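In: here's my sequence, what's the structure:
(one chain, ligands or ions: 1)
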Amino acid sequence: MNVTESVDTAAESVTPLRQTWQRLMRSAGPHAAALRRSIAGLGLAAALQGLALACMAPLFVALLPEAGDMPSRVASSAADARWRQALPWLWALTALGLAAHVLRWRAQGFDYTGQMAEVGHRLRLRLGEQLRRMPLLQLQDKRTGEVNAVVLGNVDEHLNHALIVFNLLAQAVITPLAAGLALLAWDWRLGLAMLLVFPALAPLYRWRRRAYARGMRALAQANARCSGDVLEYTQGLPVLRAARSAGARAAHLQQSFARLEQLQAESQRKGSQPNVLIASVVEVGLLLVMAAGVSWAVQGSLNVAVLAAVAVMLARFAEPLSSFISFTSTLDLMETALERIETLLAVPPLPQLSPGQTPLRFDIAFEGIDFAYASGGPKVLSGFSATLPAHSMTAFVGPSGGGKTTVTRLLMRHADAQAGSVRIGGVDVRHIAPETLNRLISVVFQDVYLFDDTVLANIRMARPEASDEEVRQAARAAQCLDFIERLPQGWHTRIGEAGGRLSGGERQRISIARALLKNAPIVVLDEPTAALDTESECAVQRAIETLVQERTVIVIAHRLSTIVGARQIIVIDQGRALEAGAHEELLQKNGRYAALWRAQQQAKQWRA
Ligand SMILES: Nc1ncnc2c1ncn2[C@@H]1O[C@H](COP(=O)(O)OP(=O)(O)OP(=O)(O)O)[C@@H](O)[C@H]1O
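Out: You can find the predicted model right below:
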């Protein structure tokens, strides 16, 4: 399931807090117990704070003279008695207040001792590992920017806010609850009135929570999309400028920004009005409590000192209670982030059949393969069968979209076929461990991806344990030495993001050097020279000749002149292997290949 899709479908529902809690604990991994303790500590601190505030009632009762008694007229012995009566409550208030602070301080240690950062780090590592494990085809379906938003943005979003939000929520809910319950002991009517404010808030909470949840999910989606659009735009800028479409694409990007702005404005507008309403309900509720207290005091059934203490408490609770519902929007932000992370982590890797096997020969067989990219979608390969002998070159040719690249993807197990099998040396690829399969196959694509690192590091990544000398040998064999030595810092020149500082032919040769260094017995060449000028093509062709010696090679080619020497040529069209044989054999057959060949020869003559 797509990350964005899953969020779309859930957009209308409000996630129960329990689910957010469970997700948070799952994502905390081995730190879950410590995080639970921290949050429990925050809850307990808030409760102690409520009890501390409730101590003000007996304290005020002890300290404040009854109405009509002026302090100057209070006898000193009576003052002593008041002081003795007040002292235990003063101690209790101080001790509870201090205990609450110490607890809160310890609980927030989860943040400041770096445990929260560690949780984020582990989660990013898990996501990184998942990107390595998940079927490549499913990963390629996701836009880089959106994955980036999950791995970086979402991890920080949900973790950085967790303890702060729980602390605010605890102070808004648990502190007044504890104070209200304690107050029951002094004056049950006032305690009850204070506790009744909460049920009054419940329907408002449910109403706003739903609206906030929708807004937050829509915002998170728009943010992820925007991130994908920005990345795509920046990476594609050279192509867009060349195609003179930079403006048109920029308009698309602007639309994406406009959508984000609209959602942000909407969520602020929709959020602020109800927030004022909720704040008013809280204020009115607390004022009613106060009004009831005043009337009981006037009737003489309530000590004025208790009323004074309650007035202080109500003033203290009003603000957090009013903003409580807007804090819950951060819970929705967390929920959305956690959901995206879990959806990505839940994509299962392709199954590995047991027993695990390692091929000892390197001939390749495709047997009766049916494959569609999407379940229920059109079949891209249907009944495809072919046998590729070991230590020789097989060329895949045929019209664009015929299925050539798809066949090589199934060999590399970017996905599994719905029917049929792919075997290397007689072993079904599903029995081969992913690392082993990866070791067996080198690929040289038309588009070479280089990392923003040194030339040396870019080649070495094919075999990290290779010595400098082995890397140099591979580069020499791949015809890279001439241009590497011309670079400003030679081998230690950073290549620039995605290899932007090198020409197409040079990038190709780096990629061939990688494949040589990897020394895999199977090599897949996906039109490596198609985009090169003649001079670069010759250099790359020489490098390829070194690479393919004594290996099982699959080359995908449109220009048939480059593969006439192949041991076997397979014509692939509409997902089937139509013809197979050597160049001469296929010409004699006078079938599809012969027609393609004649067409290309004619085109060449016209150009000449
Ligand atoms: N990731 C994908 N998701 C869905 N459909 C895809 C995907 N990749 C390729 N296809 C479709 O599968 C079919 C075969 O594509 P494939 O790339 O294998 O053909 P090809 O013979 O290699 O083409 P070309 O010579 O142009 O590279 C095409 O119709 C293509 O649109």
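In: residue 369 in helix, strand or coil?
Out: Judged by DSSP: H, G, I helix; E, B strand; the rest coil, the three-state class of residue 369 is strand.
In: same question, residue 385
Out: Here residue 385 is strand, with the state taken from three-state DSSP.
In: doesn't residue 370 make contact with it?
Out: No - between residue 385 and residue 370 there is no contact under Cβ atoms under 8 Å: 10.9 Å. Where C-beta positions appear, they are placed from N, C-alpha and C, glycine not excepted.
In: who touches both of those two?
Out: Common contacts of residue 385 and residue 370 (Cβ atoms under 8 Å, 6 or more residues apart in numbering): residue 420.
In: next helix or strand past the helix or strand bottoming out on mean pLDDT in the chain?
Out: Sorting the helices and strands of the chain by mean pLDDT, DSSP states H and E puts helix 3-10 at the bottom, at a mean of 41. Next helix or strand after helix 3-10 toward the C-terminus (DSSP states H and E): helix 17-28.
In: can you give me the strands in the stretch 501-608 of the chain?
Out: Counting by DSSP state E, counting those that start in this stretch, the stretch 501-608 of the chain has strands at residues 522-526, 552-556, 568-573, 576-581.
In: now those strands as JSON lines including mean neighbour count, mean pLDDT and distance to the ligand?
Out: Converted to JSON lines, the strands of the stretch 501-608 of the chain look like this (neighbours: other Cβ atoms under 10 Å; pLDDT from 0 to 100; distance: least, Cβ to the nearest ligand atom, whole Å):
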{"stretch": "strand 522-526", "mean neighbour count": "23", "mean pLDDT": "90", "distance to the ligand": "8"}
{"stretch": "strand 552-556", "mean neighbour count": "24", "mean pLDDT": "92", "distance to the ligand": "6"}
{"stretch": "strand 568-573", "mean neighbour count": "23", "mean pLDDT": "94", "distance to the ligand": "6"}
{"stretch": "strand 576-581", "mean neighbour count": "18", "mean pLDDT": "93", "distance to the ligand": "12"}
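In: wait, which of the ones you listed is closest to residue 419?
Out: For those, the distance to residue 419 is smallest for strand 576-581, at 13.7 Å, taking Cβ to Cβ.
In: identify the residues contacting the closest one?
Out: The contact list for strand 576-581, computed with Cβ under 8 Å, 6+ apart, reads 366, 381-386, 398, 403, 568-572, 586, 589, 591-593.
In: between strand 568-573 and that strand, find me the angle.
Out: 160 degrees (axes from the mean of the first three to the mean of the last three Cα atoms, to 10 degrees).
In: quick one: strands adjacent to strand 576-581?
Out: Here strand 576-581 is paired, per DSSP bridges, with strand 568-573 (antiparallel).
In: quick check: phi and psi at residue 161.
Out: The phi/psi pair for residue 161 (degrees, to the nearest 10) reads phi -90, psi -20.
In: residues contacting it?
Out: 330, 333, 334.
In: now swap in residue 367 and tell me
Out: Residue 367 touches 385, 420, 421, 422, 423, counting by Cβ under 8 Å, 6+ apart.
In: and for residue 583, the neighbour number?
Out: The burial count assigned to residue 583 is 19, neighbours taken as other Cβ atoms under 10 Å.
In: near the ligand, which residues of the stretch 351-500 of the chain are found?
Out: Contacts of the stretch 351-500 of the chain with the ligand, taken as Cβ under 6 Å from any ligand atom, map to 373, 380, 400, 401, 402, 403, 404, 405, 406.
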